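**Student:** Structural data only, the sequence is not supplied:
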DNA sequence: CATTAGCACTCGTCGGTCATGAGTGCTAAC
DNA sequence: GTTAGCACTCATGACCGACGAGTGCTAATG
């Protein structure tokens, strides 16, 4: 059996209706709301065909139809019209991004806030990989006889700061010298390169200045790892409550649980390809707890290189066209804003 | 009517049972589980009296009884035995607090994690008021021809860092000098004092070094305000789902909504008195959304001065004695850990 | 006089029945 | 190929009755 024009129209109507009502769609409803010029009976026949094709399903015998995951897939691949955001929305987006924001961290928070505001879904944002930014300097600032603050500054702004124990014998000048040594050898390298040269460097110089130097290198190492690299930002997690498919406490708990585990979120987002907007629907998703969810994700760039990922999570019954429009516009804005911050 | 020994025993039993089962408690249940040496009938009479005293209630006619807010109040004031944490729990607490933790931020996160772990309720922690820490120094570090990073260091560690725009004409030496000027006049003051002297200082010196100085003072000002001052840390928010009284989606949403608004949480915690553990039960609470919740809070100190507040939020049906024990032990550990970090 | 046994009464819960209505699939007519 | 008609399915919600946990009252008991 082949798809034809009318089948497509019917499928489109089912998805459109189901997205806004969250109720199974019947043939009569379609005949009434979307004037396709045919009677409910005809639509029933078409629906029967669509079901055979696996594009729609019945939750139970003789109920209306709902789109299957595969139906959504067909929709986003073939049927979905591109949507452009309202001028007002674009303006808000640009303004928020350009506002008084200088640090990457803040920028990312804003990004996730915008996504959740404009879509009413939950925003998921991966911050720039620290590895892609360049090392600028480390500063060791004495604050007490036996303590100093180490601050690492990369092209993304301050990345990590930490209090170090230092031997009392060390003078502020010694500290200066230590940081100078480190800065000398690392400045201008990307943090990935720093990472590569670190163990070498460490072994080399550890003999000379011992404790402080090794502690300093430790915090650089820390800055490069785990929590800091690709920080996860969430926005509008409570939007989940707005979706009728999650009116069940268990489902909400599961979902919030997953979102709270940042490493899981990171994994989920890593499937995003380098270019363009990616859509993952229902069971296409690796994670079991996301069976009823779809994700719309995209990468943002700097000078052609992938920096991070932004995306949103909602029910499979999602306004895909709008979501795509938001995510797409935002990647542009984001890449632009980051260029301003990170380059020069 | 007066309370007597047996009434107290019955009330104690009702609360004890209801806390663990979350079901209304009947007279027979009490007679069986807690051998008071009397028949259910007698207990019914006592219960009738307790109800007249407002200490317990019936959810509906001829159901079992549940404690009223006032009943819990009586319980925590007069009946509750002091509980001591298990040695193992104390050990975990101390170790986590002393671990490799040097910065206040991290310490606070650990504190909230411990609370939620040990109690299964939601932890709420207010970080030290920045105002109470002392200003150590500000550093202006040039990173590009037109940009510098400003880092404020207080006795609590790094508080705020921010990228400033600077005129290209300014040399690194100029920056040095500006920070020297600021450090000179502010070092050793508490941040509250800094706040007081800031507007004065600002007017005074703004003429001389203009832009950079004013920007620097701005970030100090920022560090003193809103988000940074008394940061709110939450832990185990998802524990809410474990309580049967919140199996309703609406209630969870309300509660999570409130917890997400940090300023509301801050207000709620500010009622904590300077000394000792404070318990707020159900409607005693100001906030409407907390009608079904109780809070156990306490302040932690440094050198006899209040620094911040820790606490937990759970259903009114709460294991008060355990909660109190956890909060109490933790304030001690926290005060101790902070002493190590902030003093000398 | 306090305690207890007995008993009638209340009320939430659970399972079953039934009417309703939305929606389908099939068939026959157009 | 399209449509009208009709029998059929099934979720939903209202209603009913049995059940049982629990109470309050009363009268008997020590």
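**Tutor:** Noted; the coordinates are in hand. Computed from a prediction, not measured in an experiment: that's the story for all the values here.
**Student:** Give the ranges of residues in the stretch 101-250 of chain A that sit below the confidence cut-off.
**Tutor:** Residues of the stretch 101-250 of chain A meeting the criterion pLDDT under 70: A:101-102, A:157-161, A:198-217, A:219-220, A:222-229.
**Student:** and with 90 instead?
**Tutor:** For the stretch 101-250 of chain A, applying pLDDT under 90 flags the ranges A:101-107, A:127-231, A:244-245, A:247-250.
**Student:** Could you give the backbone dihedrals for the residue in it that DNA strand C sits nearest to?
**Tutor:** With Cβ to the nearest atom of the strand, the shortest gap between the stretch 101-250 of chain A and DNA strand C falls at residue A:244, namely 15.7 Å. Where C-beta positions appear, they are placed from N, C-alpha and C, glycine not excepted. Backbone torsions of residue A:244, given as degrees, to the nearest 10, read phi -60, psi -30.
**Student:** from memory it sits against residue A:23, does it?
**Tutor:** No. Using Cβ atoms under 8 Å, residue A:244 is not in contact with residue A:23, being 9.0 Å away.
**Student:** tell me which element residue A:63 falls in.
**Tutor:** Per DSSP states H and E: residue A:63 is located in neither a helix nor a strand.
**Student:** per-domain residue ranges of chain A.
**Tutor:** Using automatic domain parsing, the domains assigned to chain A come out as A:5-79, A:87-129+A:230-342, A:131-224.
**Student:** Check whether the residue of chain A positioned farthest from its centre sits in a helix, strand or coil.
**Tutor:** Using Cα atoms, centre = their mean, the residue of chain A lying farthest from its centre is residue A:169. It sits 47.4 Å away. With DSSP: H, G, I helix; E, B strand; the rest coil as the basis, residue A:169 sits in coil.
**Student:** any bit of stretch A:162-182 sitting next to chain B?
**Tutor:** Yes. For stretch A:162-182, a contact with chain B is found by Cβ under 8 Å from any Cβ of the partner chain, at A:162, A:163.
**Student:** where's that stretch relative to the chain centroid, distance-wise?
**Tutor:** 39 Å (Cα atoms, centre = their mean, to the nearest Å).
**Student:** Give the buried residues for it.
**Tutor:** A:162, A:163, A:164, A:166, A:170, A:174, A:175, A:178, A:179, A:181, A:182 (16 or more other Cβ atoms under 10 Å in any protein chain shown).
**Student:** Let me see the ranges of the helices in the stretch 51-200 of chain A.
**Tutor:** Taking DSSP state H, counting those that start in this stretch to define them, one finds helices in the stretch 51-200 of chain A at A:69-74, A:87-98, A:104-119, A:172-186, A:191-224.
**Student:** Can you give me the buried ones in stretch A:28-39?
**Tutor:** So for stretch A:28-39, counting by 16+ other Cβ under 10 Å, buried means A:29, A:30, A:31, A:34, A:38.
**Student:** For the third one, what is the enclosing helix or strand?
**Tutor:** Remark: residue A:31 resides in helix A:27-33, with elements defined by DSSP H and E.
**Student:** That helix near DNA strand D at all?
**Tutor:** No. Shown here: helix A:27-33 not in contact with DNA strand D (Cβ under 7 Å from any atom of the strand), separated by at least 8.7 Å.
**Student:** Could you list every helix and strand in contact with that helix?
**Tutor:** helix A:5-21, helix A:40-52 (3 or more Cβ pairs under 8 Å, 6 or more residues apart in numbering or on different chains; DSSP states H and E).
**Student:** closest one to residue A:251 among those?
**Tutor:** helix A:5-21 (18.4 Å; Cβ to Cβ).
**Student:** which helices and strands does that closest one pack with?
**Tutor:** helix A:27-33, helix A:40-52, strand A:66-67, helix A:69-74.
**Student:** and with 6 Å instead?
**Tutor:** Other elements packing on helix A:5-21 under the criterion 3 or more Cβ pairs under 6 Å, 6 or more residues apart in numbering or on different chains; DSSP states H and E are helix A:40-52, strand A:66-67.
**Student:** how about that helix, does it reach DNA strand C?
**Tutor:** No. Using Cβ under 7 Å from any atom of the strand, helix A:5-21 stays clear of DNA strand C, coming no nearer than 8.9 Å.
**Student:** Touching that helix from outside, list them.
**Tutor:** A:25, A:30, A:34, A:36, A:43, A:46, A:50, A:55-56, A:65-67, A:75, A:79, A:317, A:319 (Cβ atoms under 6 Å, 6 or more residues apart in numbering or on different chains).
**Student:** what's the closest of these to DNA strand C?
**Tutor:** residue A:65 (5.3 Å).
**Student:** Skipping adjacent residues, who's closest to that closest one in space?
**Tutor:** Excluding its sequence neighbours, the residue lying closest to residue A:65 (Cβ to Cβ, 6 or more residues apart in numbering or on different chains) is residue A:56, at 4.3 Å.
**Student:** I'd like the distance between residue A:10 and residue A:47.
**Tutor:** 7 Å (Cβ to Cβ, to the nearest Å).
**Student:** How far off centre is the helix holding residue A:31?
**Tutor:** So, by Cα atoms, centre = their mean, the centroid of helix A:27-33 is 38 Å from its chain's centroid.
**Student:** Stretch A:144-161 too?
**Tutor:** Distance, centroid of stretch A:144-161 to centroid of chain: 28 Å (Cα atoms, centre = their mean).
**Student:** and if you look at stretch A:264-283?
**Tutor:** 9 Å.
**Student:** Residue A:271: which element?
**Tutor:** Residue A:271 belongs to no helix or strand, assigned by DSSP H and E.
**Student:** anything in the helix holding residue A:31 sitting right up against DNA strand C?
**Tutor:** Yes. Counting by Cβ under 7 Å from any atom of the strand, DNA strand C is contacted by helix A:27-33 at A:27, A:28, A:29.
**Student:** Excluding chain neighbours, what is closest to the second one?
**Tutor:** It refers to residue A:28. residue A:40 (4.6 Å).
**Student:** how many other residues sit next to residue A:66?
**Tutor:** Using other Cβ atoms under 10 Å in any protein chain shown, residue A:66 has 20 neighbouring residues.
**Student:** I misspoke; the intended subject was residue A:252.
**Tutor:** 22.
**Student:** ok, the residue lying closest to it once chain neighbours are set aside to residue B:177 distance?
**Tutor:** Among residues not flanking residue A:252 along the chain, residue A:246 sits closest, at 5.2 Å (Cβ to Cβ, 6+ apart). Distance, residue A:246 to residue B:177, by Cβ to Cβ: 58 Å.
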